[in-house]
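Q: Dropping the sequence and predicted coords here.
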Amino acid sequence: MTPAEYFQRDREMQPPAYHPGYKTSVPRSPRQALLSLEQSISEITGPTFGHGDLGPLDHDLIKNYAKTGDPVGERIIVHGRVLDENDRPVPETLVEVWQANAGGRYRHKKDTYLAPIDPNFGGCGRTITDENGYYYFRTIKPGAYPWRNYVNSWRPAHIHVSVFGRAFCQRLITQLYFEGDPLIAKCPIVNTIPGLADIGRLVAPLDINAAIPFDSLAYKFDIVLRGRRSTLFENRLEGN
Amino acid sequence: MAQPLDYLQETPSQTAGPYVHIGLAPGAAGFSIFERELGWDIAGPDAPGERIRIEGLVLDGTGAPVKDVLLEVWQADAAGIYPHPEDPRHAQVAQGFRGWGRVITDFDSGAWGFDTVKPGPVPGRMGRVQAPHLNLWIVARGINVGLSTRMYFPEDEALLAADPVLSLIEQRHRVPTLVARKKAAGTYRFDIRLQGDGETVFLDV
């Protein structure tokens, strides 16, 4: 059987492995060319997840680690759709997020930034898209924080996002940034992406229509995974 | 000018960063938040097949172990079946077999390891057979787009020689970078070199 392949990843659009402005990429970037593969069943399949894998508060970062009250910070909703390059929704797929707290500190034993841990904030969540590819999280807006790259490098506020899709070749990890943040343009990690318009696709706009009055602001973030070709001689329901 | 093509474009990738464990393996980050962390049990307790353990390091271009890697594995069961609706045989997949897992490297040593069952050969394109293999995906601080590779098993000599992916490797001396070393019965060693001498063959899948 020759499967209907996923579209090739656009390596000119994606950040290159080696980008000297992001110093850690220097020793961690392969120097040999990637071996291009025609996809087999190993690439067009991938893990599946169900609601049984998740707990009821996993998508709610305001409540999922709350001990004595809600975490400190600006309450926000992050929502959007997971689509593929054919502009079709990707339903029932796992979306995982992690982030720093409002002060820019991660709950991680390797993070030693002086901003305090929030006793009520864990900083991770996960959900599964619905039949329309829609997902949402409730959380607090993360803070900017310093990191060791140049002496005075700061990460813009961001949320890490991990998505599976239907096939292991669609697997993607990225970062969501917030509209209007002046640190975005200065960030060496953001700037590993060659195209300005492509950087813009990682910036979530304020979505005032989705805000909940007297409770939470909202940001919208759509995620696009690789699309898939339908074969000319087969009528594949999912492919057309 | 021409008509526009209405495709969307894939979202750009960004590094998983040094704190990937918070999101994907919070227990390792030092706290307990989810009832069930995902990815610790690849094969389940009842799947038939040879129980194996795979251990290794991920090494950077200077030869130092990378200590903040997250590795994911996707594999078929011992009969070569993937637990996915597009595998024509998926209804026969081993009971409780998930096929997917994730591990992180030890913060001090960079060592990683996981337990699973050895996969069977899986069908390739055009009626060819692929030697048993694990599909690996590697993310870390400093890795801008997750790296894909495969791990094969040294004892499958005839299947390795005929494997359609390994046969694409032009520099034949690089083929062994995708083949694990057998340490003892059921235990394999597989080091991944991100750069430099012995650089692992990475795949654009």
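A: Cool, got the structure. Numbering: from 1, shown residues only, chains lettered A, B, ... in the order given.
Q: Model confidence at the closest residue to residue A:75 other than its chain neighbours, what's the number?
A: Spatial nearest neighbour of residue A:75, chain neighbours left out: residue A:216 (4.2 Å); criterion: Cβ to Cβ, 6 or more residues apart in numbering or on different chains. Placement of C-beta: from N, CA and C, glycine included. According to the prediction, residue A:216 has pLDDT 98.
Q: Check residue A:238 too.
A: Looking at residue A:238, the pLDDT reads 46.
Q: Span of stretch B:71-91 from start to end?
A: Stretch B:71-91 has its terminal residues 28 Å apart, counting by Cα to Cα, to the nearest Å.
Q: and what of stretch A:212-224?
A: 26 Å.
Q: In that stretch, which residues are buried?
A: Going by neighbour count (16 or more other Cβ atoms under 10 Å in any protein chain shown), the buried part of stretch A:212-224 is A:216, A:218, A:219, A:220, A:221, A:222, A:223, A:224.
Q: and residue B:135, what does it touch?
A: Applying Cβ atoms under 8 Å, 6 or more residues apart in numbering or on different chains, we find residue B:135 in contact with A:42, A:43, A:168, B:73, B:74, B:75, B:148, B:150.
Q: Let me know the closest of these to residue A:154.
A: The nearest member of the contacts of residue B:135 to residue A:154, counting by Cβ to Cβ, is residue B:148 at 31.5 Å.
Q: who's in contact with the closest one?
A: A:169, B:135, B:136, B:137, B:138, B:202, B:203, B:204, B:205.
Q: among these, which are in strands?
A: B:135, B:136, B:137, B:138, B:203, B:204 (DSSP state E).
Q: Can I get these in a markdown table including pLDDT?
A: Putting the ones in strands among the contacts of residue B:148 into a markdown table (pLDDT from 0 to 100) gives the following:
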| residue | pLDDT |
| --- | --- |
| B:135 | 98 |
| B:136 | 98 |
| B:137 | 98 |
| B:138 | 98 |
| B:203 | 98 |
| B:204 | 98 |
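Q: buried set for the strand ranked longest in chain A?
A: For chain A, the longest strand by residue count, based on DSSP E, is strand A:75-84. Of the residues in strand A:75-84, A:75, A:76, A:77, A:78, A:79, A:80, A:81, A:82, A:83, A:84 count as buried by neighbour count, 16+ other Cβ under 10 Å.
Q: which among those gets closest to chain B?
A: Nearest to chain B among the buried residues of strand A:75-84, counting by Cβ to the nearest Cβ, is residue A:83 at 6.1 Å.
Q: Where does the residue in chain B positioned nearest to chain A sit: helix, strand or coil?
A: Closest residue of chain B to chain A, Cβ to the nearest Cβ: residue B:23 (2.7 Å). Three-state call for residue B:23 (DSSP: H, G, I helix; E, B strand; the rest coil): helix.
Q: which ones are touching it?
A: Residue B:23 makes contact with A:96, A:97, A:98, A:123, A:124, A:126, A:160, A:162 under the criterion Cβ under 8 Å, 6+ apart.
Q: Most neighbours of all these, which one?
A: For these, the largest neighbour count, defined by other Cβ atoms under 10 Å in any protein chain shown, is 31 neighbours, found at residue A:123.
Q: my read: that residue touches residue A:107, true?
A: Yes: using Cβ atoms under 8 Å, residue A:123 is in contact with residue A:107, at 5.1 Å.
Q: hmm, back to that, so what secondary structure elements neighbour the longest strand of chain A?
A: Applying 3 or more Cβ pairs under 8 Å, 6 or more residues apart in numbering or on different chains; DSSP states H and E, one finds that strand A:75-84 contacts strand A:134-140, strand A:217-220, strand A:223-225.
Q: closest to chain B among the contacts of residue B:23?
A: residue A:98 (2.7 Å).
Q: how near is the residue nearest to that closest one when sequence neighbours are not counted to residue B:37?
A: With Cβ to Cβ, 6+ apart as the criterion, residue A:98 has its nearest non-adjacent residue at 2.7 Å, and that residue is residue B:23. Separation of residue B:23 from residue B:37 (Cβ to Cβ, to the nearest Å) stands at 11 Å.
Q: go on, residue B:15?
A: The value you get for residue B:15 to residue B:37, if Cβ to Cβ is used, is 22 Å.
Q: same question, residue B:115
A: 16 Å.
Q: likewise residue A:226?
A: 27 Å.
Q: What count of nearby residues applies to residue 164?
A: You didn't say which chain, so I picked chain A. So residue A:164, with other Cβ under 10 Å, has 25 neighbours.
Q: sorry, should have said chain B
A: Residues near residue B:164, counting by other Cβ under 10 Å, number 16.
Q: now it, what's its secondary structure?
A: coil.
Q: middle-most residue in chain A, spatially?
A: residue A:161 (2.2 Å; Cα atoms, centre = their mean).
Q: Between residue A:226 and residue B:37, which has more neighbouring residues?
A: Using other Cβ under 10 Å as the criterion, residue A:226 and residue B:37 rank with residue A:226 on top: 23 against 16.
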